[in-house]
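Undergrad: Got a predicted structure here, sequence first:
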There are 2 protein chains.
Amino acid sequence: VKLLTLARDLRRRKARERQGRFVAEGVRAVEELLASALPVHGLLVAPGLEAGERGRELLERASARGVPIQPVSEAELASAADTESPQGVLAIGDVPDRSLDALAPRDGARLVVLDGLQDPGNVGTILRTAAAFGFGGLVALPGTVDLWNAKVVRSAMGALFHMPTATADLESFGTFLARYDVPLWAADAHGAPLDVASRPVPPRLALALGNEGAGLSPALRARADHLVAIPIASGVESLNVAVAAGILLHALRA
Amino acid sequence: VKLLTLARDLRRRKARERQGRFVAEGVRAVEELLASALPVHGLLVAPGLEAGERGRELLERASARGVPIQPVSEAELASAADTESPQGVLAIGDVPDRSLDALAPRDGARLVVLDGLQDPGNVGTILRTAAAFGFGGLVALPGTVDLWNAKVVRSAMGALFHMPTATADLESFGTFLARYDVPLWAADAHGAPLDVASRPVPPRLALALGNEGAGLSPALRARADHLVAIPIASGVESLNVAVAAGILLHALRA
């Protein structure tokens, strides 16, 4: 029952960081994980999973990859799960290299930067959107929710297993931007209206998004080369950050 | 304690439809409701609310509007609430006219149409986005979550209290489109790539979005005058529907 103990432990961010492992939950997420290049440490499987064809196929794929499969009861699975219905399956995966070096950009490369985003659903959705528009990596700055949180994993719909990501402080990120000559744009209500036609998009670009309530941190705003805004109707306070990210990532797509 | 009984009852869609009332929960939503033109039937207030200045201001505004205020215990408030922390306040509001006639469009008008959207967070976010981009109304077709669900109310961030909305079946909606000469565009992965530059946006327009998993219903797809897609990277299955809506509503804004 070592895998079960480990999965329960991995619900805490500190444990994920110490162990370098995370949990993917539910049929869809485990399918995506098994289809990715990430090492999979093991599966926890409740009795119901084998009842469906999709569940059986998932078990076959895990066996073919040589992934250990640990049968557990529904109650045991629930004790390690984040959702109320983990659909009979959890997988433990290895967190890939999280350093900025993994993101060294080429021309045409786009990075998305999360400056203190708190909501795991927003972060997962932004990862999914970044993958859809050809962004080559994502950087999480301090104050951002852990990228390997179960809810981020779920809402990223597999994007997290393919896109290079890094966790960094602003200083080392600034050094990285300077070394690779990457301009930093940031979304801000007081920025210039987005207009790709009149302002050419640089060959390399990092686009930062701020916290759901407070927006960009003062340090990041000061570091940004260009602030960009999406004009909205008066009387409306703001866009949801994942929606704003979607509009910007679409406009700035590679 | 009649307001408390009513608020508890309004957690069910059937009760909301029968009573023509809904619940707004938390300081922000109640502030937005009190600032709107919608009739407010009463407030339920737990002891903690008066401790903060924002709570006291909210109570003053309610009194100034002549809204009945019912003190309840934290436990009573929680028994009527949808969230775990309703922040000490719930308000009961009147659902405005939900008929299509409320949406009769003028030139330049844009409508957003929800064809079976299930997730209340997505629906609230789309309402908020539609308000931000000057859309004049929203139509919920069968299979869509109730617009006056507590979670939609919360994630719409006030937009629901200002934007005209209607619930309709596809037949009466089709009659409405024909009567007012409104073309129906619909988002579909197999549609033509979005390109506002090459295809002019009609002076009146309804834009439909489909269910999170299944997409558009066959009947709506058949009724649409134009199917529009957002091209995404191969290997990525789809965008989140609220993100896709954001990109399209931004491109087609009034």
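TA: Okay, I see it.
Undergrad: and residue A:14, how far is that from chain B?
TA: In this view, residue A:14 and chain B are 24 Å apart by Cβ to the nearest Cβ, to the nearest Å. C-beta: built from backbone N, CA, C; applies to glycine.
Undergrad: scratch that, residue A:112 is what I was asking about
TA: Taking Cβ to the nearest Cβ, one finds residue A:112 at 13 Å from chain B.
Undergrad: Neighbours of that residue, how many?
TA: 26 (other Cβ atoms under 10 Å in any protein chain shown).
Undergrad: Now do the closest residue to chain B within the stretch 51-200 of chain A against residue B:128, distance only.
TA: Closest residue of the stretch 51-200 of chain A to chain B, Cβ to the nearest Cβ: residue A:132 (3.9 Å). Distance of residue A:132 to residue B:128, given as Cβ to Cβ, to the nearest Å: 21 Å.
Undergrad: go on, residue A:42?
TA: Applying Cβ to Cβ, the value for residue A:42 to residue B:128 is 41 Å.
Undergrad: And these two? Which one has more around it.
TA: Taking neighbours as other Cβ under 10 Å, residue A:42 and residue B:128 compare with residue B:128 leading, 25 against 20.
Undergrad: so where's the stretch 51-200 of chain A uncertain?
TA: For the stretch 51-200 of chain A, no stretch is flagged by pLDDT under 70.
Undergrad: Around residue A:51, how many other residues sit close by?
TA: Other residues within reach of residue A:51, judged by other Cβ under 10 Å, total 9.
Undergrad: Can you name the residues that contact it?
TA: Residues counted as contacts of residue A:51 (Cβ atoms under 8 Å, 6 or more residues apart in numbering or on different chains): none.
Undergrad: just to revisit the earlier point, pretty sure the residue of the stretch 51-200 of chain A closest to chain B is touching residue B:234, no?
TA: No - checked against Cβ atoms under 8 Å, the pair residue A:132 and residue B:234 is beyond contact range at 10.1 Å.
Undergrad: Strands along chain A, start to end?
TA: Secondary structure of chain A (DSSP state E): strands at A:21-25, A:40-45, A:69-71, A:89-94, A:110-115, A:137-140, A:165-167, A:184-193, A:205-210, A:226-229.
Undergrad: Format those as a markdown table; extra columns: distance to residue B:99.
TA: Shown next, in a markdown table, are the strands of chain A (distance: least, Cβ to Cβ, whole Å):
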| stretch | distance to residue B:99 |
| --- | --- |
| strand A:21-25 | 43 |
| strand A:40-45 | 51 |
| strand A:69-71 | 55 |
| strand A:89-94 | 46 |
| strand A:110-115 | 43 |
| strand A:137-140 | 45 |
| strand A:165-167 | 48 |
| strand A:184-193 | 36 |
| strand A:205-210 | 39 |
| strand A:226-229 | 37 |
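Undergrad: nearest to residue B:251, of the ones you listed?
TA: When these are compared by Cβ to Cβ, strand A:184-193 sits nearest residue B:251, at 14.6 Å.
Undergrad: For the closest one, enumerate the helices and strands it packs against.
TA: In this structure, strand A:184-193 makes packing contacts with strand A:110-115, strand A:205-210, helix A:218-223, strand A:226-229, helix A:241-251, judged by 3 or more Cβ pairs under 8 Å, 6 or more residues apart in numbering or on different chains; DSSP states H and E.
Undergrad: Which positions in chain A make contact with chain B?
TA: Proximity of chain A to chain B, by Cβ under 8 Å from any Cβ of the partner chain, involves residues A:121, A:125, A:128-129, A:131-134, A:155, A:157-159, A:162, A:230, A:232-233, A:235-240, A:242-247, A:250.
Undergrad: Nearest residue to residue A:243 in space, please, no chain neighbours.
TA: Nearest residue to residue A:243 in three dimensions, chain neighbours excluded: residue B:246, at 3.6 Å (Cβ to Cβ, 6 or more residues apart in numbering or on different chains).
Undergrad: Was I right to think the one you found contacts residue A:249?
TA: No - applying Cβ under 8 Å, one finds residue B:246 not in contact with residue A:249, separated by 10.5 Å.
Undergrad: So between the two, which is more surrounded?
TA: Set residue B:246 next to residue A:249 and count neighbours by other Cβ under 10 Å: residue B:246 wins out with 31 against 24.
Undergrad: residues touching that one, list them.
TA: Neighbours of residue B:246 in contact, by Cβ under 8 Å, 6+ apart: A:239-240, A:243-244, A:246-247, B:125, B:129.
Undergrad: Max pairwise distance over these: which two?
TA: Farthest pair in the contacts of residue B:246, by Cβ to Cβ: A:247 and B:125, 12.7 Å.
Undergrad: more crowded one of the two?
TA: Ranked by neighbour count (other Cβ under 10 Å), residue A:247 and residue B:125 place residue B:125 first, with 27 against 23.
Undergrad: Do you know the pLDDT at the closest residue to that one other than its chain neighbours?
TA: In this structure, residue B:125 finds its nearest non-sequential neighbour in residue B:242, 4.2 Å apart by Cβ to Cβ, 6+ apart. Looking at residue B:242, its pLDDT is 97.
Undergrad: one step back: wait, which of the contacts of residue B:246 is closest to residue A:49?
TA: So of these, ranked by how close each gets to residue A:49 (Cβ to Cβ), first place is residue B:125, at 32.5 Å.
Undergrad: That closest one against residue A:238, yeah?
TA: No - with contacts counted by Cβ under 8 Å, residue B:125 stays clear of residue A:238, the gap being 11.6 Å.
Undergrad: Quick one: residues contacting the nearest residue to residue A:202 once chain neighbours are set aside.
TA: Nearest in space to residue A:202, with sequence neighbours left out and distances taken as Cβ to Cβ, 6+ apart, is residue A:183 at 4.9 Å. By Cβ under 8 Å, 6+ apart, the contact list for residue A:183 reads A:177, A:202, A:204-206, A:225-226.
Undergrad: how about a markdown table for these, with neighbour count added?
TA: Formatted as a markdown table, the contacts of residue A:183 follow (neighbours: other Cβ atoms under 10 Å in any protein chain shown):
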| residue | neighbour count |
| --- | --- |
| A:177 | 21 |
| A:202 | 16 |
| A:204 | 18 |
| A:205 | 21 |
| A:206 | 27 |
| A:225 | 13 |
| A:226 | 15 |
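Undergrad: Let me have those residues in TSV, adding distance to residue A:219 as columns.
TA: Shown next, in TSV, are those (distance: Cβ to Cβ, whole Å):
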residue	distance to residue A:219
A:177	13
A:202	22
A:204	22
A:205	20
A:206	15
A:225	14
A:226	16
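Undergrad: circling back: output the helices and strands packed on strand A:184-193 in a markdown table; the columns should cover distance to residue B:70.
TA: Converted to a markdown table, the helices and strands packed on strand A:184-193 look like this (distance: least, Cβ to Cβ, whole Å):
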| stretch | distance to residue B:70 |
| --- | --- |
| strand A:110-115 | 42 |
| strand A:205-210 | 39 |
| helix A:218-223 | 43 |
| strand A:226-229 | 42 |
| helix A:241-251 | 35 |
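Undergrad: Indicate which one of these is closest to residue B:104.
TA: helix A:241-251 (27.8 Å).
Undergrad: just the angle between the closest one and strand A:205-210, please?
TA: For helix A:241-251 against strand A:205-210, the angle by axes from the mean of the first three to the mean of the last three Cα atoms, to 10 degrees is 170 degrees.
Undergrad: now helix A:241-251 and strand A:110-115, what's the angle there?
TA: With the same axes, to 10 degrees applied, the angle from helix A:241-251 to strand A:110-115 works out at 160 degrees.
Undergrad: now helix A:241-251: how far from the chain's centre is it?
TA: Distance, stretch centre to chain centre, for helix A:241-251: 15 Å (Cα atoms, centre = their mean, to the nearest Å).
Undergrad: With stretch A:221-238 instead?
TA: The chain centroid and the centroid of stretch A:221-238 are separated by 23 Å under Cα atoms, centre = their mean.
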